[in-house]
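A.B. asks: Using only what follows, build the 3D model:
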Amino acid sequence: MNVLPSYDEDLHQEASNMAHEHTAPPMDIALLLQEIRSGNQALSDKLDKHTTEINQSISGLKTALDGLKSRVNETEDRIGAVEDELSDVSAQVAKLIKDKTFLMDKVDSLENYSRRNNIRLINLREGCEGNDPVAFFTNWLPIILGREEFAGPLMIERAHRTLGPKPSASERPRPVLIRLLNYQDREKILRTAAKRYKENKSPITYEDRPLMFFPDLSPNLVKRRKEFDHVKGELRSRNIQYSLLHPATLRITLADGKRKIFQTPGEAAAFLKE
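C.D. replies: Okay, here's the model as predicted:
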């Protein structure tokens, strides 16, 4: 029995199969390489596309930034111009405020000058002056203040109640404005009324009513003088002598006789705190 030929055939077949197995892979590698190349090309195309899009976006952003920079520069220039104008306007406003203050002070000074011959009489019964106030006060003032104080007759230019509705009998009477022809007579009346108050420790009375004599001042000056009320109250509580000088200046006299002058309530209050 010849066994070897069969074995040789099997061996030859196995070798042939192995040869086929070793020759097939190069075809698969070529296909794989082709697929890799195709994939790389597709990836490269995608990268190129995205790179182009990114470049376009960057270019758009650069254009937008350039436009924004231009607008920012323009805005800064405008802001600078506005600041310069604002500085000029602020200087002009400051000057206008200064001029306004000066003019208001001048007007107030002129108004008070026009009132310098006037006296404001408070709490005189409504209607007691009758239909001829000038004649009434020409005779009444020397009587109520003392004829010895007046060398000659008073020269009254006009006299009237302040504007406003006539009050009832239970209401406070309207003040009386008396304009004298001579400033000296006006000062004499005010000084005499103050002297009588100091001597009697109480105001002059008429028909059981306390009367008060004041200079006729502008509303603005009255407000400025009224701002000293709190300080004046403090001075009275300390028994410190004081005078409110024209137009609105506080003068105090200390125990040693020294005098201090204050132009504002704040200055006086600060001194009292020392």
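
A.B. asks: tell me, how many neighbours does residue 271 end up with?
C.D. replies: 13 (other CB atoms under 10 Å). Glycine gets a C-beta too; all of them are placed from N, C-alpha and C.

A.B. asks: What's the separation between it and residue 250?
C.D. replies: Using CB to CB, to the nearest Å, residue 271 is found at 10 Å from residue 250.

A.B. asks: tell me what the longest helix anywhere in the chain is packed against?
C.D. replies: Counting by DSSP state H, the longest helix found in the chain is helix 25-114. The helices and strands touching helix 25-114, judged by 3 or more CB pairs under 8 Å, 6 or more residues apart in numbering; DSSP states H and E, are helix 219-226.

A.B. asks: Give me the contacts around the helix it packs on.
C.D. replies: Outside of helix 219-226, the residues within contact range by CB atoms under 8 Å, 6 or more residues apart in numbering are 104, 108, 112, 217, 244, 247-248.

A.B. asks: List the buried residues of it.
C.D. replies: Buried residues in helix 219-226, counting neighbours by 16 or more other CB atoms under 10 Å, are found at 220-221, 224-225.

A.B. asks: my guess is residue 194 is in a strand, correct?
C.D. replies: No. When DSSP: H, G, I helix; E, B strand; the rest coil is applied, residue 194 is found to be helix, with no strand at that position.

A.B. asks: who touches it in this structure?
C.D. replies: The contact partners of residue 194, taken as CB under 8 Å, 6+ apart, are residue 213.

A.B. asks: can you check residue 137 too?
C.D. replies: Contacts were defined as CB under 8 Å, 6+ apart; by that measure residue 137 touches 129, 154, 156, 159, 176, 178.

A.B. asks: After the longest helix of the chain, which helix or strand is next?
C.D. replies: Going down the chain from helix 25-114, the next helix or strand is strand 118-122, by DSSP states H and E.

A.B. asks: distance between the helix or strand just after that following strand and the chain's centre?
C.D. replies: Downstream of strand 118-122, the first helix or strand assigned by DSSP H and E is helix 133-145. Between the mean C-alpha point of helix 133-145 and the mean C-alpha point of its chain there is a distance of 50 Å (CA atoms, centre = their mean, to the nearest Å).

A.B. asks: Rounded mean pLDDT for helix 133-145, please.
C.D. replies: Confidence over helix 133-145, taken as the mean pLDDT, stands at 96.

A.B. asks: The helix or strand following that helix versus strand 118-122: what angle between them?
C.D. replies: Past helix 133-145, further along toward the C-terminus, the next helix or strand under DSSP H and E is strand 156-161. Here strand 156-161 runs at 30 degrees with respect to strand 118-122, directions being taken by axes from the mean of the first three to the mean of the last three CA atoms, to 10 degrees.

A.B. asks: Output the contacting helices and strands for strand 156-161.
C.D. replies: Judged by 3+ CB pairs under 8 Å, 6+ apart, the packing partners of strand 156-161 are helix 133-145, strand 176-180.

A.B. asks: re earlier: go through the buried residues of helix 219-226 and name the one nearest residue 35.
C.D. replies: Residue 35 lies nearest to residue 220 out of the buried residues of helix 219-226, by CB to CB, at 101.4 Å.

A.B. asks: okay, now the domains of this structure?
C.D. replies: 56-114, 116-216, 217-274 (automatic domain parsing).

A.B. asks: is it possible to export the ones you listed to JSON lines including distance to residue 48?
C.D. replies: Rendered in JSON lines, the data for the domains of the chain read as follows (distance: least, CB to CB, whole Å):
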{"stretch": "domain 56-114", "distance to residue 48": "12"}
{"stretch": "domain 116-216", "distance to residue 48": "96"}
{"stretch": "domain 217-274", "distance to residue 48": "82"}
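
A.B. asks: Out of those domains, flag the one nearest residue 28.
C.D. replies: Using CB to CB as the measure, domain 56-114 is the one of these that comes nearest residue 28, at 41.6 Å.

A.B. asks: Can you tell me how far residue 102 is from residue 248?
C.D. replies: For residue 102, the distance to residue 248 (CB to CB) stands at 17 Å.
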